[in-house]
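Enquirer: could you look at this predicted model? Sequence included:
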Amino acid sequence: MMSLALVVLATLLVCGVVVWQLANRDRVRNSGLSGMLLAFAVILVPLIGVLGYQSSGSQHLVEIDSLAVEWTEAVNTGADAAAITTELSARVNNALESSPEHERLLFLAATLDKQAGRYQAAEARFAQMTALSPNDPQVAAEYAQVSYFANRGIMTPTIQARLDRALELDSESRPVLALLAVHNYQNQQPELALNYWQRLLRVLPVDSPSRPMIVEAVNQVTTELGIDTSARSVKVAIKGAEEIVASPAAVVFIVARPTSQGAPLAVKRISAASLPTEVVLSAQDEMISGHNIANFDQFIVYAVLSQTGQAGKQQGDWESATFSVDSEIEALDVVIDRQVE
């Protein structure tokens, strides 16, 4: 079974808050974490911050941007970034003296404060940015995070309101979803933690290096709660239109996908000669670990008859309509009756 430390680390890899976690390592049990994973987590902080804003073309800002890139690369490679950090901080603070409301400079200054663990200073910077850009989702997310870290991971109504506001502006904010998952897990609210981890899985790229650990976190919590994710299934009764003339090699693919497209959640492959028939789509039909119908409240289902037996639609193939499935739907009647042109 995965330790709490690994659950926390999995989320840190997404939201880039490992500095706070390391400063409070006594709060984490069973901390046998690999240096490689910790190093990967650390580099997310400068990458998120530095790349958030682009150069406006002013010469001194171009120089700051160039130095910020050097700083990012130094942290990224594990090099000593102390000298670059000092120079970058000095340049940013000097520039802020003449342009105290320059948002990109404020963002860089706040990022440097956050990276150094100066969360109260970062909170003040992001508070200023929030006043300047109250509807900026990235600023709202950063403001909520550093407020939480500045308060040493203790949730207050004010911090909760900031997190809620960040999700209101961007319901798919990975850092906020990750933070809320860890917070609720550490505070004995596994149901809420599971909800946030599942939401995180829905928006996390399928090739994200942190995805396997988030999947493991979801699996652990569902086990702790006694939830059988394999029980989520959809029975699909499928048949082809009478006018279809299928080749000997024809294959039917029954596919479930997220409503926003993306990689399939489930795929069944059957011979066209077996139509009409019934199949069951479940979490067992996943193509990518953790990316399955058990973690999605809504998804779409459709079928394609491939004359060549290859995945993907080509001219001469046949397909069905697309069906929307939610948690209330347990069975579908699907007819392949549309020729691909």
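Expert: The structure has been received and is ready for your questions. Residues are numbered from 1 along each chain as shown.
Enquirer: let me see the contact set for E172.
Expert: Contact analysis of E172 by Cβ atoms under 8 Å, 6 or more residues apart in numbering lists R199, R202, V203. Heads up, the C-betas are built off the backbone N, CA and C, glycines and all.
Enquirer: pLDDT score assigned to the residue nearest to E224 when sequence neighbours are not counted?
Expert: Closest residue to E224 in three dimensions, ignoring its sequence neighbours and counting by Cβ to Cβ, 6 or more residues apart in numbering: P190, at 5.8 Å. At P190 the predicted local confidence, pLDDT, stands at 90.
Enquirer: now do E224 against L177, distance only.
Expert: For E224, the distance to L177 (Cβ to Cβ, to the nearest Å) stands at 20 Å.
Enquirer: of these two, which one has the most company?
Expert: With other Cβ atoms under 10 Å as the criterion, E224 and L177 differ in neighbour count, and L177 comes out ahead with 29 against 13.
Enquirer: hang on, the earlier thing: right, and the residue nearest to E224 touches T222 too?
Expert: No: no contact is recorded between P190 and T222 when judged using Cβ atoms under 8 Å, the distance being 9.2 Å.
Enquirer: quick one: the strands in the stretch 151-300 of the chain?
Expert: Using DSSP state E, counting those that start in this stretch, the strands found in the stretch 151-300 of the chain span residues 233-240, 251-258, 266-271, 277-282, 299-306.
Enquirer: in the third one, what counts as buried?
Expert: Buried residues in strand 266-271, defined by neighbour count with 16 or more other Cβ atoms under 10 Å: A266, K268.
Enquirer: ok, the first one next?
Expert: The neighbour-count check on strand 233-240 (16+ other Cβ under 10 Å) flags S233, V234, V236, I238, K239, G240 as buried.
Enquirer: ok, the fourth one next?
Expert: Taking 16+ other Cβ under 10 Å as the neighbour-count basis, strand 277-282 is seen to contain the buried residues V279, L281, S282.
Enquirer: kindly state the beta-bridge partners for the first one.
Expert: Going by DSSP bridges, V279 is paired in beta bridges with V236.
Enquirer: report the central residue of this structure.
Expert: The residue lying closest to the centre of the chain (Cα atoms, centre = their mean) is L204, at 2.8 Å.
Enquirer: list phi and psi for that residue.
Expert: Dihedral angles of L204 (phi, psi; degrees, to the nearest 10) stand at phi -80, psi 130.
Enquirer: isn't it up against I214?
Expert: Yes: at 6.5 Å, L204 and I214 qualify as touching, with contact defined as Cβ under 8 Å.
Enquirer: leaving out sequence neighbours, find the closest residue to L265.
Expert: For L265, the spatially nearest residue (Cβ to Cβ, 6+ apart) is A256, at 4.5 Å.
Enquirer: now swap in E73 and tell me
Expert: Leaving aside its chain neighbours, E73 sits nearest to A79 (7.8 Å; criterion: Cβ to Cβ, 6+ apart).
Enquirer: sec struct for the one you found, please.
Expert: In terms of secondary structure, A79 is coil; the call rests on DSSP: H, G, I helix; E, B strand; the rest coil.
Enquirer: neighbours around it, how many?
Expert: Around A79 there are 11 residues (other Cβ under 10 Å).
Enquirer: pLDDT wise, what is it at?
Expert: In this prediction, A79 carries a pLDDT score of 79.
Enquirer: would you mind measuring from it to L88?
Expert: With Cβ to Cβ as the criterion, A79 and L88 are 14 Å apart.
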